[in-house]
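# Structure for the following, please:
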Amino acid sequence: RANGAKLVVVDPKRIKISEQADMYLAVKPGMDLILAWAIAVELERLGAFDQTFISQHVLGAEEFMAKARQYTLAESAELCGVSAEDIRAFAALYHQTSPAVIATGNGLERNQNGGNGVRAIFALPALCGKFGVVGGGLIGGSGNAFPRTGTKLTRPDLIHEGTRTLNILDIGRHLVKQDLSIPLKGLFIYNHNPVIVSPDQNMLRKGLEREDVFIVGCDVAMTDSMKYADIILPAATHFEHDDLFCAYGQPYLQRAEAVIPLVGESLPNTEIFRRLAARFGFNDSMFAASDKTLMDEAIDGSDARLKGYKPSEIPLTEALSMEDTSNLATDQDHVVLFLNQMPKTPTGKIELKSDYLAKKYGEEVPRYNHVVSDFPLTLISPSSNKMITSTFGGLKVNDETPPLEMNPVDAAARGLEDGISVRVHNALGEVFLPLKITEAVRPGVLCSPKGSWFKTTSNKQTVSALAPTTKADLANGACFNDCRVEVVAA
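Modelled structure (predicted):
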């Protein structure tokens, strides 16, 4: 910003970074697709499209825009909650700025329009030709930057034809309604706290309470989910074993070794599964592979960015950048899409129209799905700075019941006062929370952080009890941001 850069924040909640923003767009949850379409139409009106870039590098631009043009600017503004004036202002700023970069955070995909919302956001730099320059284009998760060789670990070749795959969102229903031809009789819960984080918490809790279902749990903490287990296998923390670390949001690959001995009877997941495999009679050498072997199979050691190191032997003092361009034919010291790196799509282009997504999800181009509900308020449940994962719910700092944030307009309409206890409810459940009236959330939107344990409740229900088990448009993920509720005084 000291050099003249402008910062725009798009979020239903006025998060901390918005205090530094030049523009803040309080989009309604799940309406990123509508907002991105509106911006695209306005950019087209401004003559901001790079037709040369589109013709060379973009597939399906006209089909994408045909969908976007279905809504007038006024209709889009009404749907997404961002004023027409702000949409115009953002489009003008984006058009005039180079380099311009869009960074998408985590969570906006958790709704019935989530995948297509991300697609529409990613379309903006494609249509405007914002790629090909340092600092321009997109910033997303860094996971795909690493030369992972996951099939060597997951061994899909060992899966028998016809083996069923169940969506974790449906496990509660399967347990309670017993609607599978081969019923669930056993569960292995590891690296997960489902009774706290899964949608429709009450259904899952009821399923886990079945006495005839054998449950094995494996975790580093005695979470609420572990309390339903018949047997608990204590897992080791990352401080207790060697591992490779592919970063979440930055491009460095690192190796770490244990810094403390194993605590009590805890074991790394790898050793737990080695021992289970042996007890089940799986004697093939693959089931006894050492951690060192697994590290070398997890990452392509021939990749030039590893500088000749075997993955299991990366020096502890090294952090290997996946943006190293020494092996590329370029004089740039950055990996820049459309400058020294091209898309690895089937067509080699940015696919705004996708045969792959059409075949897998029926979503050739983005389309909008309207969420229907009898409840007027949208509840979002992001992470908090005290709890990025529900594993931390057991810490003393998270003993208190989290607040429910509500806009003053919504509070006044319901005669609610700051600090009182309120009942947040829908057809799936009810949660009792202290009310915090604040303009940090837009009208029509409520916010209460996820991950709190049952100890913070009076009825063994947290915000997950209110979340639906509907599935997102792409990849069938959870739709937490489609949660609709009403609020009354407790």
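# Quick one: end-to-end length of stretch 479-490, please.
Chord length of stretch 479-490, first to last residue, is 27 Å (Cα to Cα, to the nearest Å).
# Give the rounded mean pLDDT of that stretch.
The pLDDT scores in stretch 479-490 average 97.
# Could you list the low-pLDDT ranges of the stretch 51-200 of the chain?
Scanning the stretch 51-200 of the chain for pLDDT under 70 picks out nothing.
# what helix or strand does Phe90 sit in?
helix 84-96 (DSSP states H and E).
# and the helix or strand just after that helix, what does it pack onto?
Scanning forward in sequence from helix 84-96 by DSSP H and E, the next helix or strand is strand 101-103. If contacts are counted by 3 or more Cβ pairs under 8 Å, 6 or more residues apart in numbering; DSSP states H and E, strand 101-103 sits against helix 114-128, strand 137-139. For glycine as for every other residue, the C-beta is placed from the backbone atoms N, C-alpha and C.
# Quick check: which of the ones you listed is buried the most?
helix 114-128 (a mean of 23; mean count of other Cβ atoms under 10 Å).
# Buried residues of the helix holding Phe90, list them for me.
Buried residues in helix 84-96, defined by neighbour count with 16 or more other Cβ atoms under 10 Å: 84, 86-88, 90-91, 94-95.
# Pro143 against Pro251, yeah?
Quick fix: residue 143 is Gly, not Pro. No. Here Gly143 lies out of contact with Pro251, judged by Cβ atoms under 8 Å, at a distance of 10.2 Å.
# of the two, who's got more company?
Pro251 (17 against 11; other Cβ atoms under 10 Å).
# If we ignore the residues flanking it in sequence, what's nearest that one?
Nearest residue to Pro251 in three dimensions, chain neighbours excluded: Met322, at 4.2 Å (Cβ to Cβ, 6 or more residues apart in numbering).
# so how far is the first residue of stretch 15-25 from its last?
Where stretch 15-25 begins and where it ends lie 11 Å apart, using Cα to Cα.
# re earlier: would you mind giving the buried residues of helix 84-96 as TSV with distance to Ala490 added?
As requested, the buried residues of helix 84-96 are exported to TSV (distance: Cβ to Cβ, whole Å):
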residue	distance to Ala490
Ala84	39
Asp86	36
Ile87	39
Arg88	43
Phe90	40
Ala91	44
Tyr94	45
His95	49
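# chain center to the helix holding Phe90: distance?
With Cα atoms, centre = their mean, to the nearest Å as the basis, helix 84-96 stands 27 Å off its chain's centre.
# Helix 114-128 and that helix, what's the angle between them?
If you take axes from the mean of the first three to the mean of the last three Cα atoms, to 10 degrees, helix 84-96 sits at 50 degrees to helix 114-128.
# If you count contacts, what does helix 84-96 end up packed against?
Helix 84-96 packs on strand 23-25, helix 32-45, helix 73-80, helix 114-128, going by 3+ Cβ pairs under 8 Å, 6+ apart.
# element containing Lys436, please.
strand 430-437.
# For Ala48, the count of nearby residues, please.
Ala48: 20 neighbours (other Cβ under 10 Å).
# pLDDT score assigned to it?
Ala48 is given a pLDDT of 98.
# who are the neighbours in contact with it?
91, 94-95, 127-128 (Cβ atoms under 8 Å, 6 or more residues apart in numbering).
# in what helix or strand does Asp153 lie?
Careful, residue 153 is Leu and not Asp. helix 151-154.
# What lies in contact with that helix?
Residues contacting helix 151-154 (Cβ under 8 Å, 6+ apart): 294, 297-298.
# so what's the closest residue to Leu337 other than its chain neighbours up against?
The shortest distance from Leu337 to any residue other than its chain neighbours is 5.0 Å, reached at Phe131 (Cβ to Cβ, 6+ apart). Contact partners of Phe131, counting by Cβ under 8 Å, 6+ apart, are 53, 57, 125, 137, 336-339.
# Neighbour-wise, which one of the residues you listed leads?
That'd be Pro125 among the contacts of Phe131, by other Cβ under 10 Å, with 24 neighbours.
# pretty sure that residue contacts Gly137?
Yes. Here Pro125 lies in contact with Gly137, judged by Cβ under 8 Å, at a distance of 5.1 Å.
# For the two, list the residues in contact with both.
With Cβ under 8 Å, 6+ apart, Pro125 and Gly137 have common neighbours 101-102, 131.
# quick one: Phe245 and Arg255, what's the gap?
Distance from Phe245 to Arg255, counting by Cβ to Cβ, to the nearest Å: 7 Å.
# which of the two has more neighbours?
The neighbour count for Phe245 versus Arg255, taken as other Cβ under 10 Å, is higher for Arg255 (21 against 12).
# quick one: contacts for the nearest residue to Thr149 once chain neighbours are set aside?
Nearest non-adjacent residue to Thr149, counting by Cβ to Cβ, 6+ apart: Asp300, 5.2 Å away. By Cβ under 8 Å, 6+ apart, Asp300 lies in contact with 147-149, 306.
# For Asp300, give me phi and psi.
Backbone torsions of Asp300, given as degrees, to the nearest 10, read phi -70, psi 100.
# so Ser18 makes contact with Asp11?
Yes. With contact defined as Cβ under 8 Å, Ser18 reaches Asp11; the gap is 6.8 Å.
# which ones are touching Val134?
99, 332, 334, 336, 339.
# give me that answer again for 6 Å
334, 336 (Cβ atoms under 6 Å, 6 or more residues apart in numbering).
# three-state assignment of it?
coil (DSSP: H, G, I helix; E, B strand; the rest coil).
# tell me the phi and psi of it?
phi -60, psi 130.
# Give me the pLDDT for Leu25.
98.
# For Asp86, see how far away it is.
Leu25 sits at a distance of 6 Å from Asp86 (criterion: Cβ to Cβ).
# Let me know whether Ala145 touches Tyr252 as I believe.
No. Between Ala145 and Tyr252 there is no contact under Cβ atoms under 6 Å: 9.7 Å.
# Tell me what His425 is bridged to.
For His425, the beta-bridge partners under DSSP bridges are Glu430, Glu486.
# where's it relative to Val195, distance?
Taking Cβ to Cβ, one finds His425 at 19 Å from Val195.
# same question, Glu271
The value you get for Glu271 to Val195, if Cβ to Cβ is used, is 26 Å.
# Those two: which has the busier surroundings?
Val195 (27 against 16).
# so who does the more buried one touch?
204-205, 224-225.
# Let's see that with 10 Å instead.
For Val195, the contact set (Cβ atoms under 10 Å, 6 or more residues apart in numbering) comprises 172, 189, 201-202, 204-205, 207-209, 223-228, 390, 453-454, 460, 462, 464.
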